[in-house]
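K.L.:
I would like the atomic coordinates for the input below:
(one chain, ligands or ions: 1)
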Amino acid sequence: MIKEGDLVVIWIDSRRIYLVKVDPQKRFSSDKGYIDMSNLIGKEYGERISLSTGREAFVLKPTPFDIYRGLKRPTQVLYPKDVAYILYMIGAKPGSTVVEAGTGSGFLTISMAYFLGESSKIITYDVRDDTQRSAKKNADFLGLADRIIFKLGDVREKIEETDIDAVFFDMPDPWNAVKSAYDSLSPSGSLVVFVPTIIQVEKTFMSMRDLFVDVHAEELMSREYQLKENAVRPKSIGVWHTGYIIYGRKSLKGD
Ligand SMILES: C[S@@+](CC[C@H](N)C(=O)[O-])C[C@H]1O[C@@H](n2cnc3c(N)ncnc32)[C@H](O)[C@@H]1O
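P.N.:
Here you go, the predicted structure:
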């Protein structure tokens, strides 16, 4: 049952999906009508609601996908398809300690906090104070900020933590931070790098190949389908390129 302070999704149609925190003093408004949020309290997730215009909507339980759609984003963020695979690659599990740079809008940070749970430690670095503040706001809004340590710093110079299970970079020149990752990781720990161009893949690979084993690069593609009677087919518009994922595990050959 929905109560004050819960996060809910108000789903009107496939282009109008809103992530909101239930505050009985506030009103949810959209171009299709409004509803006083006090009317959401006591409803079950999945229930149909009626907006001021009579337009029907549904109140749903948020998933990370809704968080991704509803997040405030001052920077480019990772796409869910890439985040899901990255979590799988690093073997993320409750209790893991992970270092990340840059924080950006915090979408990966928040996803890690969500999936790794309360016993994990996520340390996220960024050189920019403004993006970190907005990522922290996102994490606060979702009630996940206490699982995350936000640090202002340049990972090319140093990562302060050691014995880390996995390091993840989404920044313009990750090759300049590979040695910092190496020094911070525990033996066999994973380094995962996300970059949007092939030149960056090559530079990253060259900087990893002597320090890491099992180094490889991949690109994931996802295609959404139009669901319409007698016309089910791939959508004509979509996101065709996000970036490349480079992976390697710390070997002891560089020590
Ligand atoms: C594309 S954004 C990261 C987006 C993030 N992965 C997300 O999903 O929201 C890149 C971030 O890297 C930060 N950055 C760039 N160079 C850095 C460095 N040397 N150390 C730490 N952060 C850095 C930038 O300030 C920027 O906020």
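K.L.:
The ligand contacts on this protein?
P.N.:
Within the chain, the positions lying close to the ligand (C-beta under 6 Å from any ligand atom) are 75-78, 101-108, 125-128, 131, 154-156, 170-172. The C-beta positions use only the backbone N, C-alpha and C, and glycine is treated the same way.
K.L.:
Can you pull out the low-pLDDT segments for the chain?
P.N.:
Counting by pLDDT under 70, the chain shows low-confidence ranges at 253-255.
K.L.:
So if we follow the domain assignment, how does it break up?
P.N.:
Residue ranges for each domain of the chain read 6-62, 67-250, as given by the TED database.
K.L.:
Can you lay out the ones you listed as a markdown table showing mean neighbour count?
P.N.:
Compiled in a markdown table, those are given as follows (neighbours: other C-beta atoms under 10 Å):
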| stretch | mean neighbour count |
| --- | --- |
| domain 6-62 | 15 |
| domain 67-250 | 18 |
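K.L.:
gap between the longest strand anywhere in the chain and the chain center?
P.N.:
Criterion DSSP state E: the longest strand present in the chain is strand 185-195. In this view, strand 185-195 has its centroid 17 Å away from the chain centroid, taken as C-alpha atoms, centre = their mean, to the nearest Å.
K.L.:
in its sheet, what does that strand sit against?
P.N.:
strand 164-169 (parallel), strand 244-250 (antiparallel) (DSSP bridges).
K.L.:
which SS class is the nearest residue to Phe107 once chain neighbours are set aside?
P.N.:
In space, and not counting its chain neighbours, Phe107 is closest to Val77: 3.9 Å by C-beta to C-beta, 6 or more residues apart in numbering. Classification of Val77 by DSSP: H, G, I helix; E, B strand; the rest coil places it in coil.
K.L.:
Show only the entries of the residues of the chain next to the ligand found in helices.
P.N.:
Secondary structure defined by DSSP state H assigns Phe107, Leu108, Thr131 of the residues of the chain next to the ligand to helices.
K.L.:
from the residues you listed, which single one is nearest Tyr18?
P.N.:
Checking those against Tyr18 with C-beta to C-beta, the nearest one is Phe107 at 17.6 Å.
K.L.:
correct me, but that closest one touches Arg73?
P.N.:
Yes: counting by C-beta atoms under 8 Å, Phe107 touches Arg73, with 7.3 Å between them.
K.L.:
Using the three-state scheme, assign Trp175.
P.N.:
Following three-state DSSP, Trp175 is assigned to helix.
K.L.:
For it, which non-adjacent residue is spatially closest?
P.N.:
Ser207 (3.9 Å).
K.L.:
what do you get for Phe115?
P.N.:
Nearest residue to Phe115, sequence neighbours excluded (C-beta to C-beta, 6+ apart): Leu87, at 5.8 Å.
K.L.:
What are the contacting residues of the one helix or strand the one you found maps to?
P.N.:
Using DSSP states H and E, Leu87 maps to helix 80-89. Contacts to helix 80-89, defined as C-beta atoms under 8 Å, 6 or more residues apart in numbering, come from residues 64-65, 68, 78, 107-108, 111-112, 115, 168, 190, 192, 194, 218, 220, 222, 242-243, 245, 247.
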